[in-house]
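Trainee: how does the following fold in three dimensions:
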Amino acid sequence: MTVAEKGEREGGLHEVVRESGLETDEPVVELRARIGRINADLTVGVDVTRVSSLLADKSLAYMGYKLHGQGFVIDAILKNELTSACADNAEQIVRPYMNGKDLVQGNRSRYALDLYPLGQDTVRKEYPKIYQHLLTHVKPERDQNREQFRRENWWWFGRTHASQRDALCDLDKYIGTARTAKHRIFSFLESNVISESKIVIIASDDPAVLGILSSRIHIVYSLRTGGWLGAGNDPTYNHTECFETFPFPDPPDSLKAQIRAVAEELDAFRKSRQAEHPKLTLTQMYNVLEKLKVMEAARRSSPSSLWGGRVAQATGVGV
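Mentor: A predicted model of the protein is given here:
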């Protein structure tokens, strides 16, 4: 329930922290009250809805590519068929492709046909099989598109994505995160990977940036500044609010080196586990991690764990 009054005033925010017996005549609902100015997002305290973009974070984070045509996406078998008669540089236009689901649930080894900035005649002459594929599977859909650019340039993605291309052109890898996901996970992706619009692209190959983004400080910040979406009410990472407003710390070089080492180890560990177990997803990994955290918290808060800790201190035995 919300009761509002015009103007900026102090009020009381009452949040449910525990409830029981809801199916009985005497339900118990325990509330936690906080008094203060209530913000637009129904919080008390710092108003993150008023944060501003920072110049230091500009031109680093982008929405992924909008293809506007599923015919651009192919599997490994079709890739080999379409590139069999192509020039040696076919790998530059048939690039690995990932969407948000691929990032958190496992790569399905798909590819995207990226013909920008080639002209139509060049594509037809140098890549005839690819041209015919797009003519059959993309052009009919694009002919119905209301936007002139997409109708006339039907063999390109829905946008030129010049900003993303410029930001990534000198990098060997970049950081990606699914826009909507149960767990906020940042990973390194190879620079030739086409990330679809459900992935946020962060144009940095610095492991220190990956480590800071993966830190609890940034995760909590992104949960406050981002939104929520879907049946599971999963958090969304809107880069204009979550990234461009985030005040990155500037630690000493010694600490930054430690952050880089830990971030590289984390990224390599996750990828090696997935390589060993192809059906293992990042979501499953972090589901297990959350359960372990809950179990550890319960163990620490139980009387038996406190008693066990005292025994361990007295005997010098680790528990």
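Trainee: what about the residue nearest to Glu19 when sequence neighbours are not counted, how many neighbours?
Mentor: Distances taken as Cβ to Cβ, 6 or more residues apart in numbering put Val29 closest to Glu19, at 4.7 Å, once the chain neighbours are dropped. C-betas here are computed from N, CA, C, even on glycine. The tally of other residues near Val29 (other Cβ atoms under 10 Å) stands at 12.
Trainee: got the phi/psi numbers for Val29?
Mentor: Backbone geometry at Val29, expressed as degrees, to the nearest 10, gives phi -130, psi 120.
Trainee: likewise for the one 3 residues further on?
Mentor: The main-chain torsion angles of Arg32 are listed as degrees, to the nearest 10 and equal phi -110, psi 120.
Trainee: can you count the residues close to it?
Mentor: With other Cβ under 10 Å as criterion, Arg32 counts 10.
Trainee: tell me who's in contact with it.
Mentor: Listed by Cβ atoms under 8 Å, 6 or more residues apart in numbering, the contact partners of Arg32 are His14, Glu15, Val17.
Trainee: mind checking which of these land in helices?
Mentor: Using DSSP state H, no member of those falls in helices.
Trainee: any chance of those residues in JSON lines with neighbour count and distance to His137 as columns?
Mentor: Shown next, in JSON lines, are these (neighbours: other Cβ atoms under 10 Å; distance: Cβ to Cβ, whole Å):
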{"residue": "His14", "neighbour count": "11", "distance to His137": "55"}
{"residue": "Glu15", "neighbour count": "12", "distance to His137": "51"}
{"residue": "Val17", "neighbour count": "9", "distance to His137": "54"}
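Trainee: give me the mean pLDDT for stretch 69-87.
Mentor: The average pLDDT for stretch 69-87 rounds to 89.
Trainee: and that stretch, C-alpha only, in CSV?
Mentor: C-alpha atoms of stretch 69-87 as CSV (Å, rounded to 0.1, in the frame of the first residue of the first chain):
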residue,chain,number,x,y,z
GLY,A,69,16.4,-10.6,-39.0
GLN,A,70,17.0,-14.1,-37.7
GLY,A,71,18.3,-15.1,-41.1
PHE,A,72,21.6,-13.5,-40.1
VAL,A,73,22.1,-16.2,-37.4
ILE,A,74,23.4,-19.6,-38.6
ASP,A,75,24.8,-22.8,-37.0
ALA,A,76,28.2,-24.4,-37.6
ILE,A,77,26.9,-26.7,-40.4
LEU,A,78,25.4,-23.9,-42.4
LYS,A,79,28.5,-21.8,-41.8
ASN,A,80,30.7,-24.4,-43.5
GLU,A,81,28.3,-24.6,-46.4
LEU,A,82,28.0,-20.9,-47.0
THR,A,83,31.8,-20.2,-46.7
SER,A,84,33.0,-23.2,-48.8
ALA,A,85,33.2,-21.0,-51.9
CYS,A,86,34.1,-17.7,-50.2
ALA,A,87,37.4,-15.9,-50.2
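Trainee: buried sites along it?
Mentor: For stretch 69-87, a neighbour-count test (16 or more other Cβ atoms under 10 Å) marks Gly69, Gly71, Phe72, Val73, Ile74, Leu78, Lys79, Leu82, Thr83, Cys86 as buried.
Trainee: tell me the confidence at the closest residue to the first one other than its chain neighbours?
Mentor: Nearest-residue entry for Gly69: Val138, 4.2 Å, with adjacent residues in sequence omitted and distances by Cβ to Cβ, 6+ apart. Looking at Val138, its pLDDT reads 98.
Trainee: do the same with Ser301
Mentor: 75.
Trainee: check Ala312 too.
Mentor: Reading off the model, Ala312 has pLDDT 37.
Trainee: please apply the same query to Lys6.
Mentor: Confidence score, pLDDT, at Lys6: 80.
Trainee: next structured bit after the host helix or strand of Gly176?
Mentor: Using DSSP states H and E, Gly176 sits within strand 173-178. Sequence-wise, the next helix or strand downstream of strand 173-178 (DSSP H and E) is strand 187-190.
Trainee: partners of the helix or strand just after that next one, with directions?
Mentor: Beyond strand 187-190 on the C-terminal side, the first helix or strand identified by DSSP H and E is strand 194-195. Strand 194-195 has the following strand partners under DSSP bridges: strand 94-98 (parallel).
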